[in-house]
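>>> Sequence first, then the predicted structure:
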Amino acid sequence: MGQWVDAGAGHVVQPLADGGVLWEHDTLPGYSVPRHMVSPANSATWQVTQRDPLTLLPSLFCDTSLGGCGQHGFVTQGRWSGT
Ligand SMILES: [Zn+2]
């Protein structure tokens with residue numbers, strides 16, 4: 001297992017050995033699911049442009065239909081920044 005990076009604003013991200021990315025939004029008010037996996041486990045959608053501190057491209061959309069918060073943002077230098 002890789003390490004989860006707390007990117008802030010409730011988002012945690014884990015780059016995978018195969019180049020994919022897992023990311024989740026921590027528990028949101030009103031949601032019963034403790035954590036929600038937003039990305040597919042074998043995602044090739046995001047590129048890890050820098051591993052430490054973590055920088056990903058392109059942006060991530062925290063899909064409300066999957067239990068996310070609806071934010072659209074970038075993970076740059078290990079931190080979430082909304083667009
Ligand atoms: Zn979110």
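Right, received. Where do you want to start? From a predicted model like this one, the values you see are computed outputs, not experimental measurements. Residues are numbered from 1 along each chain as shown.
>>> interface residues of this protein facing the ion?
25, 62, 68-69, 71 (CB under 5 Å from the ion). Glycine gets a C-beta too; all of them are placed from N, C-alpha and C.
>>> so which helix or strand takes in residue 74?
For residue 74, the host element (DSSP states H and E) is strand 72-76.
>>> Can you tell me which helix or strand of this protein has the lowest average pLDDT?
strand 35-37 (a mean of 47; mean pLDDT, DSSP states H and E).
>>> ok so, going back, give me the subset of the residues of the chain next to the ion that lies in strands.
Among those, the ones falling in strands (DSSP state E) are residue 25.
>>> okay, now residue 54: neighbour count?
20 (other CB atoms under 10 Å).
>>> ugh, wrong one, I meant residue 23
Residue 23, neighbours per other CB under 10 Å, totals 24.
>>> again, but for residue 11
Using other CB under 10 Å, the number of residues around residue 11 comes to 22.
>>> which ones are touching residue 4?
12-14 (CB atoms under 8 Å, 6 or more residues apart in numbering).
>>> Let's have these in CSV, adding neighbour count.
Shown next, in CSV, are those (neighbours: other CB atoms under 10 Å):
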residue, neighbour count
12, 17
13, 24
14, 16
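>>> sorry, back to before: report the lowest-confidence entry in the residues of the chain next to the ion.
On pLDDT alone, residue 68 ranks lowest of these, at 76.
>>> show me the residues around the closest residue to it other than its chain neighbours that make contact.
Spatial nearest neighbour of residue 68, chain neighbours left out: residue 62 (3.3 Å); criterion: CB to CB, 6 or more residues apart in numbering. Residues near residue 62 by CB under 8 Å, 6+ apart: 11, 25, 38, 68-73.
>>> nearest to residue 77, of the contacts of residue 4?
residue 13 (12.3 Å; CB to CB).
>>> distance of the closest residue in space to that closest one that isn't next to it in sequence from residue 3?
Once flanking residues are discounted, residue 13 sits nearest to residue 23: 4.4 Å by CB to CB, 6+ apart. Note on residue 23: its distance to residue 3, by CB to CB, to the nearest Å, is 13 Å.
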